[in-house]
Structure formats: C-alpha cells, structure tokens
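> Based on what follows, work out the 3D shape:
(chains A and B)
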Protein chains: 2
Amino acid sequence: MSLPFPVLTPEEAAALIQNNQTIGFSGFTPAGAAKAIPKALAVRAEAEHAMGRPFKVGVLTGASTGPSLDGALAEAEAISFRTPYQSNPVLRSQINKGQVRFVDMHLSLLPQVARYGFLGPIHWAVVEACDVTAGGGIVLSTSVGASNTYLRLADKILIEINRKHPPTLLGMHDIFEPADPPARQEIPIYGVSDRIGAAMCVVDPKKIAGIVYTDLEDEAGGFEPPNPATEKIGQNVANFFVAEMRAGRIPPQFLPLQSGVGNVANAVLAALGDNPEVPNFEMYTEVLQDSVIPLLESGRCSFASTCALTLSPEAMNRVTSNLDFFRNRILMRPQEISNHPEVVRRLGILSLNTAIEIDLGGNVNSTHVMGRQMMNGIGGSGDFTRNAYMSVFSCPSTAKGGKISAIVPVVSHMDHSEHSVQIVVTEQGVADLRGKDPHERAQLIINNCAHPDFRQQLRQYISLTKEGHEPMSLSLGYSFHRHFLRNGDMRNINWDEWR
Amino acid sequence: MSLPFPVLTPEEAAALIQNNQTIGFSGFTPAGAAKAIPKALAVRAEAEHAMGRPFKVGVLTGASTGPSLDGALAEAEAISFRTPYQSNPVLRSQINKGQVRFVDMHLSLLPQVARYGFLGPIHWAVVEACDVTAGGGIVLSTSVGASNTYLRLADKILIEINRKHPPTLLGMHDIFEPADPPARQEIPIYGVSDRIGAAMCVVDPKKIAGIVYTDLEDEAGGFEPPNPATEKIGQNVANFFVAEMRAGRIPPQFLPLQSGVGNVANAVLAALGDNPEVPNFEMYTEVLQDSVIPLLESGRCSFASTCALTLSPEAMNRVTSNLDFFRNRILMRPQEISNHPEVVRRLGILSLNTAIEIDLGGNVNSTHVMGRQMMNGIGGSGDFTRNAYMSVFSCPSTAKGGKISAIVPVVSHMDHSEHSVQIVVTEQGVADLRGKDPHERAQLIINNCAHPDFRQQLRQYISLTKEGHEPMSLSLGYSFHRHFLRNGDMRNINWDEWR
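Got it, this is the predicted structure:
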C-alpha cells in the first residue's frame, strides 16, 4: 500500500527547512539518527553561506549522533544551538570555541523541558523510521530518544525510512509519554520488562511534510578491546557486588544494572557476565552496546530495557536475523522513561558510570577537561546515579601514560556531588564511601583508588589543608591541574608555587 | 487505659543506651525532636567521661534538632557520627574541627539508605509522640522525619509522650513506607492532599523499652522579619511566576510550591500570598513555618503537605486550638515521601531554595562557607531542585555589609550543578538560565543578579578566562574567596596577585 505522503529526495526535504528554525532529530548515541536529511541540510547551509546568506539551525536530539548529523552540520557551520549531548570532534571544537551554544542536560529532563516550552518552539521533527503507516503511525528504528516528543510537538515532520532496518522491528519499542503536571500519573513500570506504551508513535498525518527513503548503516563508533586496567576495573566491580550480596546489602536475586558507554563499561559488563557468583541479571539502561548481545544470547542477561541499540553493523545483523528471540528480550523506550528518576529509584538500579576525574570528597567530573573543555556531556549519568540503589563510578587511575591522575584534590568541573557518589572504582581497588565523612572518603580514595605514583602527593595536599569539614584548599585545590598545564605532568608538584 | 510499657524517668531511659550504639531520633528542623532523653543521655555521657570511660553514640535524625538534642549531646562530646542535617552551633563547630564525623545527605535518601543497611545497625529509636496505644500504635508529634523507618528498623524503642501536643493530632500524619527493590511499587500521590498511609506508626510492642512523659515546647528558632532585600527577592519571584503564567509556561491553575527554610523563604511566600495574580496555591514541602499559617487561614494556601510543623509556640497554639480546621489542610509525611523525587516530578513542583553563593555557571553552594566550613547541610534542596517543574534559587546579592558577593566566579563548594539550577533571583533581579549556555548564563547572572559593586569585577574575571565551553579559570576561579580571606573584603581584587 503506497503512503499518502510526498516522497522527497534528501535535498528536497532539506529545502523545506528555514534559517533559524529548531529541529528535533532522532538519534541516540548515535543509534537511529536521521542521516540523509541533515547531510543534505549541511550542503544547503554551505550553499546559503556561499551566497552570503545566514543559515543556522537549532539542533535537538536524543543524545549524540554521527558524522552525517552533528558532523556534517558542524562542518557546514550550520548549528546555532545544540542540546542535550554530543560527541562529534568538529562540533566539540566549535562548542569549546564558543561558536555553538551548547546546553548540557540530564537526558531524562529534555523531553519535559521541551514540552514545558523552556526551549522555545520546535519547528521540525526529523526522524528515522523502519516503517510508516498511512494513518500516521511511525515505527522508529534503532533508538527512541526524544523522537516521540519531537514528533508530537513539532509543527512539521520529515521521516527517513531506512530500509537497512526491517519493518519487523515493530514491537521492540515501547512508546509512552507522561502527561504534564498537574495531570501526570505514575510511570507504571514495576519490572524491567514491563511494557507500558505503544509499538509506534502516532502523529497527525497532515504534519508529515515528506518521506525520504534511505539505506544506511548506523554510525556506531567502535570501542577498543579491554586492556589490563579496564579488565581489573571490571573484576573489582564484580567482586564488590558479590561481596555486597553476601553481606545482604544487595538482594539475592540481584538488581537491574545500568551501564554507561565505552570501554570501561564494556569491561565491567564482561566481568559481571563471567563471574559465576553474579546471578543472571536484567539491564535497565539507556544504551545497549555490542557486549550485551552475547550476554542476552547466553541468558546471562535475561532482559534489557534501553533507549538505543548502539550496535556495530555485525551485532545489529545478529539481532535482526534473530528478531523473534530478541523481541522478547529487548525493549526500546523514550529517554524520558529509560532514565526516569521515578523508575530508576523504584526498580533499585545498580548504576555504573565512568568519570573523567574524581576528587577526594567523592565528587565526579564527567564532562569537562581541565574545567573548560567540554568532552561529550553529562548524558544519563546523573539520572541514574542520583536515584540508584547503589551508584558506582569508575575510571582508570591515570591517563596520558601516567602523567594525569584521575584522582585529584578538587575536580575542575563538578557533575555529580559527594551526595550521589557511593562507590569509586579504579584498577587499584574500591573505595566504599557510604556513610563516610569527607575526611574518611579522602583517605579511602587515596589508599584504595589513587595510583601509587600520586598517593603521597595527595596526602601532602590533605596535610596542607586547613581545619574544616571538607579537606579543601582554595589555593591548592586545582594545583594538580595547574601543575599539569605548566609542565605536562601532574607529578612532582612544588607546593610553594601555588600557595 | 494504662499502657503496658515501663514508665521511665529520662535518666532511666538514657541509662539503657550503651556507648557506641546508633540511635535514630525523631526531629525535623527541629519540630517533634526527642528532648528529655537526649538531654539525660548527655548528662550520662558527661558522667561516663568524668569516670574516664568512653561514651559516644551515632545520632541519626530526620533533620536538624534543637538545644536539647544536638546541643546537649554536642556539649557533652557524646556524638561520634551524625547524619543527615544539623544546625546547632556547638555541633557545627565540632564537625568543622573534625571531632564529629558528619555525613551530609539528601533527606529523601536517608530512610532507604538506612533500610538498605548502608549505615549499619540501628540500636535505638527514640521518638517524641503525642499518643501511644497498648498495641504498639504511636501517634507522632509535630514532625514525621524518618521516625517511621527508625521505629521499624531499631532493635529497641524509647518514646517521649509530650503532653504539650494534644493526642488529637491523630489524623494529621500520613505514614507510608515503600517496600525495597525489587518489590517497590509506586508512591500513589497524585495530588498534594492525597492520603496514602496510616495515621500512626505501628511497632511490635515488645520492642518498646519504655515511655517517658514530658511537657516541653518545640525548640523552633525565630526568624528575622523581612528586610528590604528579602522583600524585593520575594517580589521578584512572585512577578517572575506571574510572567511565566502569562506566557503559558506555568499552567493557569498554578503548581504546588516547595519553599526552603529561613527569612528569604518567608519573604517569598509572603510576596506570593500578597500578589493578586498568583492563584490560591498548594504547598508540597518539607517544612511549614509560621508564615504559612495565616495563608492557610485566609485560604491563599489551600493545602500544605509537609514533613514538619516548624512553628513558634504561638503559631502552634493557633493550630492546636483549631485542629478541625487544620486537620483538613495540613498533612505531615515521612521525609522519604515529602521529598520523594517521584512525587516531586509528578506533581510538577515549583521549588524555591536559598543559596550561600552562586557562580557564573549557575552552580549553587548551599552548605560550606569558603569551601571548608559546614553550615547546616544540603537538606531537601537537592530532592526538590533536581526534580522540580521549575527550580529557583535565591539569596541577597551581598553579605557582610557588602563585602561578600553571593555571585562568585566559581562556587567554593558545589551542591547543585548548572544542570539543576534554572532560575536565579537576588534583590537585583532574575536570571532565567533555561536553555542558556554557560557564557550566556554568566552574562545574565552578572547583569541581572550580581550587586553593582561586583559586576565590573565579575566581567573582568570573564575576560581573563581562556576560550572554552565554561568561563573557568583554574587560577582565578577562587580569587574572590582568596582575596576575601586575605583582606576581609571581596572587592578591589588585584588580579596579578592570583595568576
């Protein structure tokens, strides 16, 4: 049955979008991102610029996107405003030069903030789908992100139907959008696999301005294989959880896991899967990476609720060639639901996130290098950490070949405070900060998590702080960072230089 | 009907408590705190110390308590560990000298962290009540705090029946404790006045080791009357809310208010009550102060859900002499429920909290003076702010007669990050940070909220930062604080001193 919507080329679709408009794109780290239309929009922006005309748009997404969206639009200098998360090198550079206004946001908050009108009008929703119905039903592809909200709020809609993704993805999404206060009810998820919404988004078909057919792989970045440090971190986390189960502080049936993105997260998942004392577990998380697919196949992971399937083409093929199996084991939810504080706290998530640096008070920097340079964004880490049953942050104890300590006196930017960070893990060991005051936390972090090369220097810092509830020195708090910026190395501080 | 529990003197009750035990006391800012037993326990500790024997206990409460609990025990040097919040000068000094281990905690998290076993065993619950039944029913007095959880978890229970509070407070409490994961269900509050639990706590009567009869006023501290600065802050908040309603970003029926404690909070409530364009409103908050009582009487506030009635004896008399009226307009809930992220986000709270200092990125310090000295604690501000429909932080733009700017380049301690702080208000004006990037936020905060005496100096700071997503200088970030510590004044910085 043919669809009653104009079939457009990407260029024709891009031509509909005007300078200064705000677009809500599909795409979550970077699964299911619109690809053809933003790429064509970048070409259009360059043409406009060549003719001396301004052309920039506001770009809202679920989370990060790939080269075809953030990459192409950034290279064309076509982004005026960006939220809530990104990971593209060109865009990152523009953000850090002040050329693009970037608002870093808790991912669960984005949809409601858009609905409340705090981000202004949303002119376009541009989403990737695997199927569309004549009545306005849209089966999303490999992520939900905030697409359901953008589709409802936007004045007009453009859809990329990506033939790479089979229409039989139908049934893998669970589309639920809460009402706004004062009419909001509960999010009725009581178990990881509870289905509470619809299999597709439904929009007023009159809003659909056109459809573009594509046949494009998702642009998921590869991750490095585990190294000895990340493997040790994984084992440390797994052993800690086992000890907590034995002590009765994690229930015997275990609790659902949330895991961040990247190599450390993959190593932790692998170690949990390998540990015979960890029972089969469920995941309630925002991103599924390749490492979860074999765990689902083996039954070690019995169900995974996610916002996105961030899979390599090979892993995605494993899923699509065995959809009857995976449709009963994976559910994709909007980021408002996958990350919702209410659900995270109710289910009692064990949250596992990674840090750029961690300070002696137990505060975490997830976003800014040396306090100024944005990496990617806070993502969902705050949604999960604050509301978790138990929150774990991990990272290797050093970076840059040992020249940078991930354990610093004071983080140069703070995303997660001491109030939310319970367990710190490096390849050196585990610091259990629960019920510990700031001075005890500092000792545990130094002794158990800091690299031996930095322990003495961190203890010297403590000894140089004045009396107080927090071991904090306003003159020396950033001494590790400042010494690094001057010498290219955090080691061998001369304290007198900074007092 | 006489009760089947031993009636004890405070001294006899205190004699049951052993060195090194952990006690969960009633008391919330500081309503409903146990008073006679902790005071007697302080005397016992002093006697033990005089005999050369160690005697210290771990003190858990709902929130801050008065001179009879934190004050007396601190003076007796009888506190080893304290959580989650305090405001007593003697205890504060001991905390800042490192003599008492203090863990500052989000108030909503305390009960579940205690249940999960993260704080170790709780040997005693010592709670104030207005009535007790022979079967183990306990009608709490002027707060709930975490008493319901302590009563259930503790090995043994001591009860102060305070005759100052009439047993007809029965019906003003709503006792509800969620199950722990994986069995937790929703918190079924959909409107501020929804009653979801029981009117009294019920315990195994065998756990009740004794009852002490008292006749003592609550030790609520007085607040200063509004001054021109706090009045202007209140008007700025009220006018901002009215403008947001007109713009359609707050629904026409308004939304429930949460308001912090203190003079600024009182001034804001008074201004909202006085503003004819603000509809009659409900409160979903953790503390009711005197200022709310006339608003309830006049109908301007139609219902108030709280954790505590922090009232002067005069205001408390107004309530108890008109209980039939107030029982339909006030509900006291456990802090786990009054501050629950699930409920705060569902109801769409407008949160109003106060800051010690606010930085150019929009980060807030609620707790530590000059980064080291604990004031009181984070309290419920994080529970409400992170999950609010709209979050407001306010404070006067200066302190110490103009020598200290509340707007600083970088906060010396961070409790609430830029991700959670939407609106900043001082007597100077309002900075609306929603959808603004860090550089825009800095400009808005300087232009609209900083005191004119500091605007130029804050702009100079910005001009001295290097390129980056955040206007952050590792060398100059704390320059205002360091200049103050050296010169007793934040004004007239010589930048070269700190580079």
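> C-alpha only now, for contacts and for neighbours.
OK.
> Tell me where chain A is predicted with low confidence.
Chain A contains residues with pLDDT under 70 at A:1.
> Report the buried residues of the longest helix anywhere in it.
In chain A, assigned by DSSP state H, the helix with the most residues is helix A:228-246. Buried positions in helix A:228-246, judged by neighbour count with 16 or more other Cα atoms under 10 Å in any protein chain shown: A:229-242, A:245.
> Out of the residues you listed, flag the one nearest to chain B.
Taking Cα to the nearest Cα as the measure, chain B lies nearest residue A:245 of the buried residues of helix A:228-246, at 11.5 Å.
> how about that closest one, what does it touch?
The contact partners of residue A:245, by Cα atoms under 8 Å, 6 or more residues apart in numbering or on different chains, come to A:251-252, A:254.
> change it to 10 Å
Residues near residue A:245 by Cα atoms under 10 Å, 6 or more residues apart in numbering or on different chains: A:239, A:251-254, A:277-278.
> mind saving the C-alpha coords of stretch A:407-419 as PDB?
Extracted C-alpha coordinates of stretch A:407-419, given in PDB (Å, rounded to 0.1, in the frame of the first residue of the first chain):
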ATOM      1  CA  ILE A 407      42.100  11.200  41.400                       C
ATOM      2  CA  VAL A 408      42.600  15.000  42.100                       C
ATOM      3  CA  PRO A 409      42.300  17.200  45.100                       C
ATOM      4  CA  VAL A 410      39.300  19.100  43.700                       C
ATOM      5  CA  VAL A 411      37.500  18.300  40.400                       C
ATOM      6  CA  SER A 412      37.900  21.000  37.900                       C
ATOM      7  CA  HIS A 413      34.200  20.700  37.000                       C
ATOM      8  CA  MET A 414      31.600  19.000  39.000                       C
ATOM      9  CA  ASP A 415      28.700  17.000  37.600                       C
ATOM     10  CA  HIS A 416      28.000  14.600  40.400                       C
ATOM     11  CA  SER A 417      28.400  15.600  44.000                       C
ATOM     12  CA  GLU A 418      29.500  13.700  47.000                       C
ATOM     13  CA  HIS A 419      25.800  13.300  47.800                       C
END
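> Run the chain-centre distance for the longest helix of chain A.
Distance, stretch centre to chain centre, for helix A:228-246: 22 Å (Cα atoms, centre = their mean, to the nearest Å).
> quick one: the strands in the stretch 351-499 of chain A?
With DSSP state E, counting those that start in this stretch as the criterion, the stretch 351-499 of chain A has strands at A:357-359, A:364-365, A:368-369, A:373-374, A:390-394, A:398-399, A:404-405, A:407-408, A:423-426, A:429-432.
> tally of neighbours for residue A:497?
9 (other Cα atoms under 10 Å in any protein chain shown).
> secondary structure class for the residue in the stretch 251-400 of chain A that chain B sits nearest to?
Using Cα to the nearest Cα, the closest approach of the stretch 251-400 of chain A to chain B is made by residue A:342 at 4.4 Å. For residue A:342, the secondary structure call by DSSP: H, G, I helix; E, B strand; the rest coil comes out as helix.
> Just to check, it is in contact with residue B:188?
No: counting by Cα atoms under 10 Å, residue A:342 stays clear of residue B:188, with 11.8 Å between them.
> residues bridging contact with the two, i.e. touching both?
Here residue A:342 and residue B:188 share the contacting residues A:186, B:342-343, scored by Cα under 10 Å, 6+ apart.
> how about stretch A:381-389, does it reach chain B?
Yes: residues of stretch A:381-389 contacting chain B under Cα under 10 Å from any Cα of the partner chain: A:382-383, A:386-387, A:389.
> Please spell out which residues along that stretch are buried.
By 16+ other Cα under 10 Å, the buried positions in stretch A:381-389 come out as A:381-389.
> returning to what we had before: give me the number of residues near the spatially closest residue to the residue of the stretch 251-400 of chain A closest to chain B that is not a sequence neighbour?
Nearest residue to residue A:342, sequence neighbours excluded (Cα to Cα, 6 or more residues apart in numbering or on different chains): residue B:342, at 4.4 Å. By other Cα under 10 Å, 25 other residues sit near residue B:342.
> now the one 10 residues further on
Taking other Cα under 10 Å as the neighbour definition, residue B:352 ends up with a count of 28.
> and it, what does it touch?
Contacts here follow Cα under 10 Å, 6+ apart; on that basis residue B:352 touches B:237, B:257-261, B:264-265, B:268-269, B:285, B:381, B:384-385, B:388, B:390-394, B:423-425.
> mind running it again at 7 Å?
B:258-260, B:391-393 (Cα atoms under 7 Å, 6 or more residues apart in numbering or on different chains).
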